[in-house]
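> Sequence and predicted structure are below.
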Amino acid sequence: MLWRWHFFAGLFCLPFVIVLCVTGSLYLFKPQIETWLDRDIDRAVAEGPPRSVSAQRDAALSAVPGGHFLALEMPARKRQATRVLVAHGADVTRVYIDPVTLRVMARRDEQTRFERLVFRLHGQLLIGNPGSAIMEMVASWTLVLIVTGLMLWWPRRPGVGGTVLPRLGAKGRVFWRDLHAVGGMWISLALILFLVSGLPWSFVWGSSFSAVERRIGRLVSVQDWEIGAVPIAATLSGHATMPGMDMEAGAQPALPRPAISRPAISRSVISRAAISRAEMSGAAMRPEGLDAVYETARHLAFPAPVLVTPPVGEGEAWHIRSDTQNRPERIEASVTAQGQVIHITRFAEKSLTDRLIGYGVAFHEGHLFGVLNLFLNLCVALLLTLASMAALMLWLRRRRPGHLDAPGASPRRIGWGALAVMGVMGGLLPELGISLLLLALAGRFLGPRFSALRQKG
């Protein structure tokens, strides 16, 4: 019975797991890849004293007709193009400005940049919320795969070979079996952490979790992670809504005013109110005070990358925030147009739920404890890929041509312990619970028909 569940869970998850390993490995090195892709732009920056930041912003806005200023990314190095994020409709363009000559060096659609494509492929298969739901289903069944796999691996005889260490000198089925079972055992704990820490991003589980937290009043800040597919223009809005909410232009979202943590770029859900106010007000497109706020940001020296975002309404504060991938180091400040700091929000001041998810996301992205975290995540992705390929080889070597050759169904009934475990997992993971219920119903009502057809044939 365990082998049958493990087989079908693996057959469903295997293609998606390999996609997750490849795209996840690429995303681990997001800062390095972004720097490398932009290297020619940054090298072409002219020598000399930079112009005012407001002039750089205006140069970027002039390059995007009808655009509205969303944010400015502060240069992380001395000689680097200034990145200005400009909204036009529901899209966002990243404009690269030479800070010395004010020359527009490049324009790139934020949603089609390499790191965004990898992110959307990793979590949404590039098809939005349906893809997010599919990947959540994969994560749920991968947990079943881990549990059943560990039970199948559990040692039945003393010895290290084939249990703790793979017998690399073996040939044939034994070699592939050890590579699959022992490799899977070693990565199981880290893989569970990856899967659990990725659930807050998924559309179904993440939306439900965030709604529950808001209802009981514990998640008091705007979530610092993206739930499902999110319009890119939403990510720099000062107010966020829950998935599925549709705010009218000019409506004020009911969120706690003090110490609200704005979402990082690509980490929230859109509030159309802020963008609509910017479209209706010419002053909101180029609010005064950017130069003073930028100078304050330089003195604060938050961990890079640092975004400077304008106020979403007249008389409201500017915001300076760190979007570093090591989320426990993220920090944000509310600043007046004259550059005076009103309030600073640190990671340690967030709610327990926010902090736990922040630690999980930082670990998931490989930046919680430096290079060691990157190395661990890369090793897990590599071993998981090898274990998946070994499982495929085991099946292909055993399978008869034209047959699935799945493990036979057990005549024994499932015990109460197994049912309890499945019930708990199904309750915590809604998509797993629904699929288990559908499988049980299909087995109960359709199973006899298929058996009759096989006997007749």
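Structure's in. What do you need?

> Tell me the helices and strands packed up against the helix or strand where Arg177 lies.
Secondary structure assignment for Arg177, by DSSP states H and E: helix 173-198. Helix 173-198 sits against helix 129-153, helix 352-364, helix 370-398, with contacts defined as 3 or more Cβ pairs under 8 Å, 6 or more residues apart in numbering; DSSP states H and E. Quick note: C-beta positions are derived from backbone N, CA and C, even for glycine.

> mind checking which of those helices is nearest His343?
His343 sits nearest to helix 352-364 of all the helices and strands packed on helix 173-198, at 16.7 Å, using Cβ to Cβ.

> quick check: angle from the closest one to helix 370-398?
70 degrees (axes from the mean of the first three to the mean of the last three Cα atoms, to 10 degrees).

> For helix 352-364, what is the distance to the chain centroid?
12 Å (Cα atoms, centre = their mean, to the nearest Å).

> Buried residues of it, list them for me.
Thr353, Asp354, Ile357, Gly358, Tyr359, Gly360, Val361, Ala362, Phe363, His364 (16 or more other Cβ atoms under 10 Å).

> cool, and stretch 367-376?
Quick answer for stretch 367-376 (16+ other Cβ under 10 Å): His367, Leu368, Asn373, Leu374, Leu376.

> who touches the second one in this structure?
If you count contacts by Cβ atoms under 8 Å, 6 or more residues apart in numbering, Leu368 has them with Asn326, Pro328, Tyr359, Ala362.

> make it 6 Å
For Leu368, the contacting residues are Ala362, by Cβ atoms under 6 Å, 6 or more residues apart in numbering.

> Leu439 belongs to a helix, doesn't it?
Yes. Assessed by DSSP: H, G, I helix; E, B strand; the rest coil, Leu439 belongs to a helix.

> and it, how many neighbours?
Using other Cβ atoms under 10 Å, the number of residues around Leu439 comes to 12.

> can you tell me how far it sits from Arg327?
37 Å (Cβ to Cβ, to the nearest Å).

> hang on, the earlier thing: so which of the helices and strands packed on helix 173-198 comes closest to Phe8?
helix 129-153 (8.9 Å).

> Buried residues, the closest one. List them.
If you call a residue buried by 16+ other Cβ under 10 Å, then helix 129-153 has these buried ones: 129, 131-150, 153.

> Same check on stretch 428-439?
For stretch 428-439, using 16+ other Cβ under 10 Å, the buried residues are Leu429, Glu431, Leu432, Gly433, Ser435, Leu436.

> residue contacts, Val335?
By Cβ under 6 Å, 6+ apart, Val335 lies in contact with Val293, Thr296, Trp318, Ile320, Val341.

> quick one: contacts for the third one?
Contacts for Trp318 were tallied using Cβ under 6 Å, 6+ apart; they are Val293, Pro311, Val335.

> Where does the second one sit: helix, strand or coil?
Read it as Pro311. Going by three-state DSSP: Pro311 is coil.

> so what's the backbone phi/psi at it?
The phi and psi values for Pro311, taken as degrees, to the nearest 10, are phi -70, psi 150.

> number of nearby residues for it?
For Pro311, the neighbour count with other Cβ under 10 Å is 21.

> if I pick it, what's in contact with it?
Ala317, Trp318.

> domains of this protein?
The chain resolves into domains spanning 2-29+119-198+379-456, 38-112+221-350 when parsed by automatic domain parsing.

> what's the most buried one of those?
domain 38-112+221-350 (a mean of 18; mean count of other Cβ atoms under 10 Å).

> measure it end to end?
34 Å (Cα to Cα, to the nearest Å).

> Quick check, central residue of this structure?
Nearest to the mean C-alpha position of the chain, counting by Cα atoms, centre = their mean, stands Trp201 at 5.6 Å.

> pLDDT weak spots in the chain?
For the chain, applying pLDDT under 70 flags the ranges 212-285, 409-414, 443-457.

> what ranges do the strands span in it?
Here the chain has its strands, by DSSP state E, at 68-73, 82-88, 91-97, 104-109, 306-309, 318-322, 331-335, 341-346.

> Export only the CA atoms of the first one, formatted as CSV.
To tie it back to what came earlier, the one meant is strand 68-73. Extracted in CSV, the C-alpha atoms of strand 68-73 (Å, rounded to 0.1, in the frame of the first residue of the first chain):
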residue,chain,number,x,y,z
HIS,A,68,3.5,57.7,-12.9
PHE,A,69,6.4,57.6,-10.5
LEU,A,70,6.3,54.4,-8.3
ALA,A,71,9.7,54.1,-6.8
LEU,A,72,13.4,54.7,-7.1
GLU,A,73,16.0,52.0,-6.4
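
> quick one, what contacts the nearest residue to Met393 once chain neighbours are set aside?
Computed as Cβ to Cβ, 6 or more residues apart in numbering, the closest residue to Met393 that is not its neighbour in sequence is Trp176, at 4.8 Å. Residues counted as contacts of Trp176 (Cβ under 6 Å, 6+ apart) are Ala390, Met393, Leu394.

> Is Ala87 in contact with His68, as I believe?
Yes. Shown here, Ala87 and His68 form a contact pair, counting by Cβ atoms under 6 Å, at 4.8 Å.

> any idea how far Trp5 is from the residue nearest to Met393?
Distance from Trp176 to Trp5, counting by Cβ to Cβ: 20 Å.

> Show me the contact partners of stretch 182-196.
Residues outside stretch 182-196 that contact it (Cβ under 6 Å, 6+ apart): 139, 142-143, 146, 149-150, 153, 166, 364, 380, 383-384, 386-387.

> Off-centre distance for that stretch?
On Cα atoms, centre = their mean, the centre of stretch 182-196 falls 18 Å from that of its chain.

> before we move on, back to that, so which of the contacts of Trp176 is the closest to Pro99?
Pro99 lies nearest to Ala390 out of these, by Cβ to Cβ, at 52.2 Å.

> In helices, which of the buried residues of stretch 428-439 fall?
Judged by DSSP state H, the subset of these located in helices is Glu431, Leu432, Gly433, Ser435, Leu436.

> thought the third one was touching Gly426?
Pointing back at Gly433 there. Yes. Counting by Cβ under 6 Å, Gly433 touches Gly426, with 2.9 Å between them.

> Common neighbours of those two, please.
With Cβ under 6 Å, 6+ apart as the test, Gly433 and Gly426 reach no residue in common.

> how close does Val160 get to Trp186?
Using Cβ to Cβ, Val160 is found at 13 Å from Trp186.
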